[in-house]
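>>> generate coordinates for the sequence data below:
(4 chains)
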4 protein chains.
Amino acid sequence: MNKSSFGSHFTVTTWGESHGKALGAVIDGCPAGLSLSEEDIQKFLDRRKPGQSRYTTARKEGDLVEILSGVFEGKTTGTPISLMVRNTDQRSRDYGNIAYSYRPGHADYTFDAKYGFRDYRGGGRSSGRETIGRVASGAVASKLLASLGISFCTYTKSIGPVSIENFSPEEINNNAFYMPDADAAAKAGTYLEKCMKNLDSAGGVIECRITGVPAGLGNPVFEKLDAMLSQAVMSIGAVKAVEIGDGIQVAHMNGSEDNDGFTIKDNMINKTSNHAGGIMGGISDGSEIILRSYIKPTPSISQPQQTVTSQGRQISLEIHGRHDPVIVPRAVVVVESMCALAITDALFANMTSRLDKIQKFYSK
Amino acid sequence: MNKSSFGSHFTVTTWGESHGKALGAVIDGCPAGLSLSEEDIQKFLDRRKPGQSRYTTARKEGDLVEILSGVFEGKTTGTPISLMVRNTDQRSRDYGNIAYSYRPGHADYTFDAKYGFRDYRGGGRSSGRETIGRVASGAVASKLLASLGISFCTYTKSIGPVSIENFSPEEINNNAFYMPDADAAAKAGTYLEKCMKNLDSAGGVIECRITGVPAGLGNPVFEKLDAMLSQAVMSIGAVKAVEIGDGIQVAHMNGSEDNDGFTIKDNMINKTSNHAGGIMGGISDGSEIILRSYIKPTPSISQPQQTVTSQGRQISLEIHGRHDPVIVPRAVVVVESMCALAITDALFANMTSRLDKIQKFYSK
Amino acid sequence: MNKSSFGSHFTVTTWGESHGKALGAVIDGCPAGLSLSEEDIQKFLDRRKPGQSRYTTARKEGDLVEILSGVFEGKTTGTPISLMVRNTDQRSRDYGNIAYSYRPGHADYTFDAKYGFRDYRGGGRSSGRETIGRVASGAVASKLLASLGISFCTYTKSIGPVSIENFSPEEINNNAFYMPDADAAAKAGTYLEKCMKNLDSAGGVIECRITGVPAGLGNPVFEKLDAMLSQAVMSIGAVKAVEIGDGIQVAHMNGSEDNDGFTIKDNMINKTSNHAGGIMGGISDGSEIILRSYIKPTPSISQPQQTVTSQGRQISLEIHGRHDPVIVPRAVVVVESMCALAITDALFANMTSRLDKIQKFYSK
Amino acid sequence: MNKSSFGSHFTVTTWGESHGKALGAVIDGCPAGLSLSEEDIQKFLDRRKPGQSRYTTARKEGDLVEILSGVFEGKTTGTPISLMVRNTDQRSRDYGNIAYSYRPGHADYTFDAKYGFRDYRGGGRSSGRETIGRVASGAVASKLLASLGISFCTYTKSIGPVSIENFSPEEINNNAFYMPDADAAAKAGTYLEKCMKNLDSAGGVIECRITGVPAGLGNPVFEKLDAMLSQAVMSIGAVKAVEIGDGIQVAHMNGSEDNDGFTIKDNMINKTSNHAGGIMGGISDGSEIILRSYIKPTPSISQPQQTVTSQGRQISLEIHGRHDPVIVPRAVVVVESMCALAITDALFANMTSRLDKIQKFYSK
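As a prediction, the model looks like this:
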């Protein structure tokens, strides 16, 4: 697998730096015949757009996507889909003072360690802008999955100490935080005001629920569906933990609590609970897949921080400029996109698991 | 990537079912010149061996490994290393009564959904015995890493409600649970007695600390080192959550708390803390890598459970036979093995990241 | 892709040295439900067996295959199939005198250059015995393809200067050379007698014709079906050239001669000729696939040859022992096996090329 | 491996159709620190440019490359390099009359068979313009290899019946055909005049010689260096055969003729001949690598040809428009580019073959 690609069957390769000419992705393995327009992708990109509330950076990023290949007369052709977003509002001088400083919580030090130098303008390849390629590709995967009856519900479960207490799906798009609970969203706003006053930032939790996934996706060993979802979501810069179903709670449960029983309902086999989060032994069981990811606070803060330069000089660094006090809201669509990529890949991989189905596929 | 393989450079493919003729692994990409004997591998396998305490299954599994290829006169040759362990104590009749029942918490249902039928003897490919191939390969990776100064400390952090309160590394191998705290181990024993009396089982937490990893391993985007470690560890059957460094705690922290500063010590750049767990922006920073995995309780319990048969008949199932009331202790070496495989792969992948180093490598 | 594996969907990994304990292969990605026995595989292995005529080595190699995993009650389970053949007749002393000599035409020198040392017993990993794993896997792929109506006809087209002049398929298995022409086989025998008297060896050409391949397999760019077949066949040790359809002749043809026209026959689209050998733009067109491979003469000859030792001493080397004067006949089944692996992989890869077919596959 | 990618370590993914908005490539795995400018790439692209002689299409293709990412202050950063060439001279009406006809010798029929429909404008993804992405990437690989002392000499060996008889490397860039023999070039011109008068086209042979490749590249089994070179070159649309070293001739040679002996010269081990073309047992031996590819005649000819439409109607088709009577000259740089990609990938893969070298690499 190449290092900047995800997926063995529906393969996405992203490229681009925050202050380079453009960012983009190439999707290789999208089947022919999917209706696809730039609007389909733009809708997803707009969900990660900055400048939409006072809690996200004031930078104006147009982020208009261009489809460069792989679509003909409104349908995918089966060949690689190249997607590009030009960088416009770059103002690289904002970052000039940190060119040789190792910002705490950022990848500056590790990039220098790995490559010997780095594109220091705005984080380069480690910038949150890299997720543009992920989200643009996630939009394509989501549309494909929707045509197969698979849908996503992704939202903010908590910001700092504020967790949702109610679940009103229709509320998710009504507040700046994508929280399914208006009260929690209000409290989160208050909390973030305090963080901003303290020149500080906050983290949070994003939950993704996936409905309509057929039983049988995933593999028994290394390519377990939960393992691939974990890689997908952990590959997002700010994620530090991931859990499936009851997740960390299982360590404190007994087998009699954690096991999901089976029952018959309308002649169909059903589970009596879903502690497993829709995946058993690495393979989807047909019930809702539930995944949570834990997002760290934005590392760019204006408080003075102790650090060093690449020349080994000790300094106190204050990072000014336009940074989100919390990236959780904008990361919601990134988590959803990565889950969509992993599910699509597993869906395709599963098509060769049974000889009788292969025979039927190729019979005339 | 093939479905039963892990790693792009140091590639491990495992095969085998719990009640088939044998289990094993093929390691492709192990460099030539590593001293390797069957004893090196046996030591690792013995750490996952059952029958070592009253808290692990009484099954006697010899689990003697045979090196079939890739080693000549005591050294690896650079060609594939084939490792095999014959199954001996199979007693498949133990499992006869569950051939057509879907055991709660197991992969029986999902295997049938995926493949149309399954090897029902003892879990087949989803059995914990599949980890023999992982551990045998992990032993090879660990020996290789040791020759580069990289070492592992892996232990049980909690079992059920009992967490360690002290950390005495020398204690880890002194108790049946691989806990670095003798008191906690005693309490865990008492707790498990209660579970067994209740015909129930328990879960727990395993922590892995990796020392000596050079800065620069991992990649900025999809193949982040933490993402690959997450896939590696989440691919272990019973793991339901994984976290790096402060992990789930970061969601509640402020940036000023979570950021690790830098300082100069003895002319070397050092971090002032390690909330990140040794990985920044997906790339190792040279400090200790810290990973935790959350293990679910053993699903096989003797309490009656509600389930169905593959023919759709509702039944009450009691699973008898020899099952561990907790699999955490035996999973410690599995977590360590998977981490060793991921680190080895990242170490190899990193060798082509800088042209000057490639030029030096190939200069005469 | 790991170095000792072939195929992204139906993935074969081979392992083993000529004088190690055993040789084998792991097939990952074989669908569940294929009837498979050791006899199915043995039949293929017997086609590459030595000692069957005076033109092949007198070594007796039992080469009995054992299925270690992935088959349950006579059917594949969808999990990895591990195949093993124990080495029995090893007599490694035959090779003692060449432990430190670089045999002309062999991989001795390049192994030392790559790995620093080598298993010098009988060629180690570069021995023709490595093809046991390929042929055992090819047997499984062939059986799977047969169930989809795809069949192979592979034979020797020439040995040294002797080419077939007639094509009688029923004759292929009637002579020691797998030639479809009894007269040519007789002449080839006479020619080889002369070679043996001269302490020399001969090469030849193997042709493979594949019938029943549906149109649409392969990809437009790097994974063209002809490109994958070429890698597959060129990866056989003694092959130095490969061609598809008219092959090398196309360089001398005009477009009006080389182009295959189309016509309608029984309401079906047909080609009026098959210069392309069944593949257009890298994708199968439904007609017969035709591939030829050019096999070099056996490098082990008893004539004195000028060479050096690994210590840089100039020597004259005479290779005695039991070597085939021509390896073409035994390579026929190896070429067929590699083609079967490439076709199977392409067949599986093609299943995700159209959205409408994916929708139909997953509709209930 | 994704379908439109080549290489596991230095991975190139191409995208784009002949009449879409643009074509391009993403290079993932290029090490940091290589000096790279758009001029470096443009020089390679200009070698495949049409409109340079009366024997190549009169279409004017500006083919100006833009580097969109992965280069900072004139050096590669180690992150993906995105390269793009906008399509300008499209004139899609030229192709209108063939939208529903299956052109003989083209991929029209097989694309419809695979995808259900196709971008019929100028061959879409199967157009020779797809090679822009290959050549742009090949330029980067070549520059990298040059910094390691590896160089290429690629030229036309024959066009139709006209073969070179002398080898003057300085002549290669002096004629429209990239032939190292001025007389042969003149004869080839005369021959092509005749072809054009006959509304016909011609094929030819391209030879690539690679100097400076260290011994040890390639792998013993499936990823043999010759196998990877074969896939690379066979993946070029018009190539129908490939050979290494003596290639097809080996089938007629005796072992005593084909084997390359070894000798000592200046305390170095040398081969006494190079029938093998620089590769033994799939691994480079340090001598010149020699590869030949056989190119079919341009399939687009103006003679009437018998074919059918996608609706199954029998027609006579005359293809007008601007087509090269021979594509061999423009394919020279494509063959060189693909060889450069394969060599680079093997060079990187080889860095993990010996533990002592890995230890040295990571020692401080």
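
>>> residue A:145 should be in a helix, yeah?
Yes: applying DSSP: H, G, I helix; E, B strand; the rest coil, one finds residue A:145 inside a helix.

>>> specify the beta-bridge partners of the nearest residue to residue A:278 once chain neighbours are set aside.
Using CB to CB, 6 or more residues apart in numbering or on different chains and skipping residues adjacent in sequence, the residue nearest residue A:278 is residue A:289, 3.7 Å away. Every C-beta, even on glycine, is put in place using the N, C-alpha and C of the backbone. For residue A:289, the beta-bridge partners are residue A:210 (DSSP bridges).

>>> right, and residue A:289 touches residue A:274 too?
No: using CB atoms under 8 Å, residue A:289 is not in contact with residue A:274; the gap is 9.3 Å.

>>> which of these two has more neighbours?
Comparing residue A:289 with residue A:274 by neighbour count (other CB atoms under 10 Å in any protein chain shown), the higher total belongs to residue A:289, at 29 against 15.

>>> retrieve the pLDDT associated with residue A:22.
Residue A:22 is assigned a predicted lDDT (pLDDT) of 97.

>>> so who does it touch?
Taking CB atoms under 8 Å, 6 or more residues apart in numbering or on different chains, we find residue A:22 in contact with A:16, A:84, A:85, A:86, A:87, D:68, D:69, D:82.

>>> quick one: it from chain C, how far?
The spacing between residue A:22 and chain C, counted by CB to the nearest CB, to the nearest Å, is 23 Å.

>>> the helix or strand residue A:359 falls within and chain D, are they touching?
Here residue A:359, judged by DSSP states H and E, is contained in helix A:355-362. No: judged by CB under 8 Å from any CB of the partner chain, helix A:355-362 and chain D are separated, with a smallest distance of 12.7 Å.

>>> outside of that helix, which residues touch it?
Contact with helix A:355-362 is made by A:351-352, B:116, C:31-34, C:76, C:144, C:147-148, C:214, C:347-348, C:351, C:357, C:361, as judged by CB under 8 Å, 6+ apart.

>>> circling back to that earlier point, now, of the contacts of residue A:22, which are buried?
The neighbour count (16 or more other CB atoms under 10 Å in any protein chain shown) marks A:16, A:84, A:85, A:86, A:87, D:68, D:69, D:82 as buried among these.

>>> over to residue A:15. Which of the three states is it?
Strictly by three-state DSSP, residue A:15 counts as strand.

>>> equivalent analysis for residue A:236, please.
Following three-state DSSP, residue A:236 is assigned to coil.

>>> that one and residue B:244, how far apart?
As judged by CB to CB, to the nearest Å, residue A:236 and residue B:244 stand 13 Å apart.

>>> shared neighbours of these two, anything?
Both residue A:236 and residue B:244 lack any common contact, where contact means CB under 8 Å, 6+ apart.

>>> for the stretch 201-350 of chain A, which residue gets nearest to chain C?
residue A:348 (4.5 Å; CB to the nearest CB).

>>> name the element that residue belongs to?
Using DSSP H and E, the element containing residue A:348 is helix A:328-349.

>>> and which of the contacts of residue A:22 is nearest chain C?
For those, the closest approach to chain C (CB to the nearest CB) belongs to residue D:82, at 17.2 Å.

>>> show me what the closest one is bridged to.
With DSSP bridges applied, residue D:82 shows beta-bridge pairing to residue D:26.

>>> show me the contacts for it.
The contact partners of residue D:82, by CB under 8 Å, 6+ apart, come to A:15, A:16, A:22, A:24, D:24, D:25, D:26, D:67, D:68, D:69, D:70.

>>> quick one, what contacts the residue nearest to residue A:278?
Neighbouring residues of residue A:289 by CB under 8 Å, 6+ apart: A:208, A:209, A:210, A:213, A:225, A:229, A:244, A:277, A:278, A:279, A:343.

>>> quick one on the thing from earlier: least confident pick among the contacts of residue A:22?
Confidence-wise, residue A:87 trails the rest of these, at 92.

>>> is it true that it touches residue A:19?
Yes: under the criterion of CB under 8 Å, residue A:87 makes contact with residue A:19 at 6.5 Å.

>>> quick revisit: is the helix holding residue A:348 in proximity to chain B?
Yes: judged by CB under 8 Å from any CB, helix A:328-349 comes into contact with chain B through residue A:349.

>>> follow-up on the earlier one: which of the contacts of residue A:289 sits closest to chain B?
Among the contacts of residue A:289, and counting by CB to the nearest CB, the member closest to chain B is residue A:244, at 5.5 Å.

>>> burial of that closest one, as a residue count?
Neighbourhood size, residue A:244 [other CB under 10 Å]: 26.

>>> surely it and residue A:228 touch.
No: look at residue A:244 against residue A:228 with CB under 8 Å: they stay out of range, at 11.2 Å.

>>> list the contacts for the closest residue to chain D within the stretch 151-300 of chain A?
Using CB to the nearest CB, the closest approach of the stretch 151-300 of chain A to chain D is made by residue A:237 at 14.1 Å. Applying CB under 8 Å, 6+ apart to residue A:237 gives the contacts A:107, A:126, A:128, A:130, A:131, B:281, B:282.

>>> relative to residue A:301, how far out is the third one?
Shown here: residue A:128 relative to residue A:301, a distance of 15 Å by CB to CB.

>>> and if you look at the first one?
Residue A:107 sits 16 Å away from residue A:301 when distances are taken as CB to CB.

>>> I'd say residue A:281 and residue B:113 touch.
No: between residue A:281 and residue B:113 there is no contact under CB under 8 Å: 10.7 Å.
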